[in-house]
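# What would the 3D arrangement of this be:
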Amino acid sequence: MQQNIASIRKNYAQKKLSEKKAAINPIDQFAKWWKQAVKAGIEEVNAMTLATASADGMPSARVVLLKDFSEKGFSFFTNYNSFKGQQLAENPKACLVFFWKEMERQVRITGLIEKLDPEANDNYFHSRPEGSQVGAIASPQSQVIANREWLDTHYKELKEQLKGNKIERPAHWGGYLVKPVIIEFWQGRPSRLHDRLQYTMQEDGGWKLERLAP
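Next up is the predicted model:
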């Protein structure tokens with residue numbers, strides 16, 4: 001079993017990533033790769049690993065969905081009372097990782113966390129399917145529950161209670177903005193000599209571009 005796992009490998013050789021062709025601004029570079037990934041038809045292209053850590057440094061990671069990006073940062077939504085929400089409250093820093101294996105690319109974004117404003121939260125919440133809105137209220141995310149039947153029953157009861165009414169966003173549900181300070185673009189290359197370009201934010205708000213050894 002261990003030998004079989006160890007023998008799994010792929011030699012990356014699709015594309016290159018050079019400083020000369022990289023954008024000056026990492027958000028522009030991300031937008032370029034994003035458009036290419038969408039055009040390539042990558043399934044769940046907005047899926048990203050979100051890594052957080054508690055105040056004592058205990059790490060945790062899970063996959064969430066990107067909902068928007070701009071010069072300000074990268075946003076996602078969740079339950080503020082969830083385990084990730086607790087860690088972000090204790091230690092408002094996070095790392096995002098996109099892995100688009102079909103294009104042999106990875107993007108790693110390290111940044112500071114801030115909550116989105118109530119208007120942005122309301123706008124996105126009410127754009128979601130009704131079932132997802134009810135689910136956000138029904139699920140005490142990350143808490144221990146008795147069984148699946150309890151969750152299903154609670155959801156059905158809430159859905160019936162809210163039927164025909166506008167569903168109000170619960171106060172414990174909303175978005176976060178990851179404000180990047182470091183963004184790394186990784187392009188797979190042959191013999192594991194991958195291209196890695198790292199953008200680091202400077203004090204004047206500009207970006208420093210450097211190549212990292214693979």
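# Now the element after the helix or strand bottoming out on mean pLDDT in the chain, going C-ward?
Every helix and strand of the chain was ranked by mean pLDDT, DSSP states H and E. The lowest is helix 2-6, at a mean of 80. Moving toward the C-terminus from helix 2-6, the next helix or strand (DSSP states H and E) is helix 26-39.
# could I get that next one in CSV with only the CA atoms?
Included here for helix 26-39 are C-alpha records, laid out as CSV according to Å, rounded to 0.1, in the frame of the first residue of the first chain:
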residue,chain,number,x,y,z
PRO,A,26,-1.0,40.2,-8.2
ILE,A,27,-4.7,40.8,-8.4
ASP,A,28,-4.4,41.4,-12.1
GLN,A,29,-2.3,38.1,-12.4
PHE,A,30,-5.0,36.3,-10.4
ALA,A,31,-7.7,37.7,-12.7
LYS,A,32,-5.8,36.4,-15.7
TRP,A,33,-5.4,32.9,-14.3
TRP,A,34,-9.0,33.0,-13.1
LYS,A,35,-10.4,33.7,-16.5
GLN,A,36,-8.2,31.0,-18.0
ALA,A,37,-9.4,28.5,-15.4
VAL,A,38,-13.1,29.4,-16.0
LYS,A,39,-12.6,29.1,-19.7
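# Tell me how far it lies from the chain's centre.
Taking Cα atoms, centre = their mean, to the nearest Å, one finds the center of helix 26-39 at 15 Å from the center of the full chain.
# which other helices and strands contact that helix?
strand 68-70, strand 105-115, strand 173-187 (3 or more Cβ pairs under 8 Å, 6 or more residues apart in numbering; DSSP states H and E). Every residue, glycine included, has its C-beta placed from N, CA and C.
# how far off strand 173-187 does that helix point, in degrees?
Taking axes from the mean of the first three to the mean of the last three Cα atoms, to 10 degrees, one finds that helix 26-39 is oriented at 90 degrees with respect to strand 173-187.
# From the rest of the structure, what touches helix 26-39?
22-23, 45, 69-71, 100, 103, 105, 107, 180, 183, 185, 199, 207 (Cβ atoms under 8 Å, 6 or more residues apart in numbering).
# repeat for stretch 67-85
Residues contacting stretch 67-85 (Cβ under 8 Å, 6+ apart): 25, 27, 30-31, 34, 46, 48, 50, 52, 60, 62, 64-66, 89, 96, 109, 111, 115-116, 120-121, 124-125, 136, 139-143, 172-180.
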